[in-house]
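**Q** this one's structure only:
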């Protein structure tokens, strides 16, 4: 079974990894090299990853979500599917 988060656990939400107040050009520069992107930098440091599914948008239609899941599996992270 899965262990629930405790108050000592840290959760990082990738939606917040790129400052949303940046210009499109600044965001493009931040993710222009996927292996150096904020997403990949954090994934390299974590032990597990939670992939959240919902009824509104297919996870598989979002390139960054697929890329993050790919990296997590490639790097041997525990991947938990939620939703």
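**A** All right, it came through fine. Keep in mind that what you see is a predicted model, and the values were worked out from it rather than measured.

**Q** closest to the centroid, which residue in the chain?
**A** Here the mean C-alpha position of the chain is nearest to the C-alpha of residue 14 (C-alpha atoms, centre = their mean), at a distance of 4.6 Å.

**Q** for residue 29, helix, strand, or coil?
**A** State at residue 29, reduced to three classes by DSSP: H, G, I helix; E, B strand; the rest coil: helix.

**Q** and residue 4, how far is that from residue 11?
**A** Residue 4 is 12 Å from residue 11, where distance means C-beta to C-beta, to the nearest Å. To be clear about C-beta, it is placed using only N, CA and C from the backbone, and glycine gets the same treatment.

**Q** please enumerate the helices of this structure.
**A** With DSSP state H as the criterion, the chain has helices at 24-30, 38-43, 63-74.

**Q** would a markdown table of those with distance to residue 53 and mean pLDDT be doable?
**A** Below are the helices of the chain laid out as a markdown table (distance: least, C-beta to C-beta, whole Å; pLDDT from 0 to 100):
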| stretch | distance to residue 53 | mean pLDDT |
| --- | --- | --- |
| helix 24-30 | 25 | 84 |
| helix 38-43 | 18 | 84 |
| helix 63-74 | 10 | 87 |
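
**Q** could those go into CSV alongside distance to residue 83 and mean neighbour count?
**A** Putting those into CSV (distance: least, C-beta to C-beta, whole Å; neighbours: other C-beta atoms under 10 Å) gives the following:
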stretch, distance to residue 83, mean neighbour count
helix 24-30, 26, 11
helix 38-43, 19, 16
helix 63-74, 12, 15
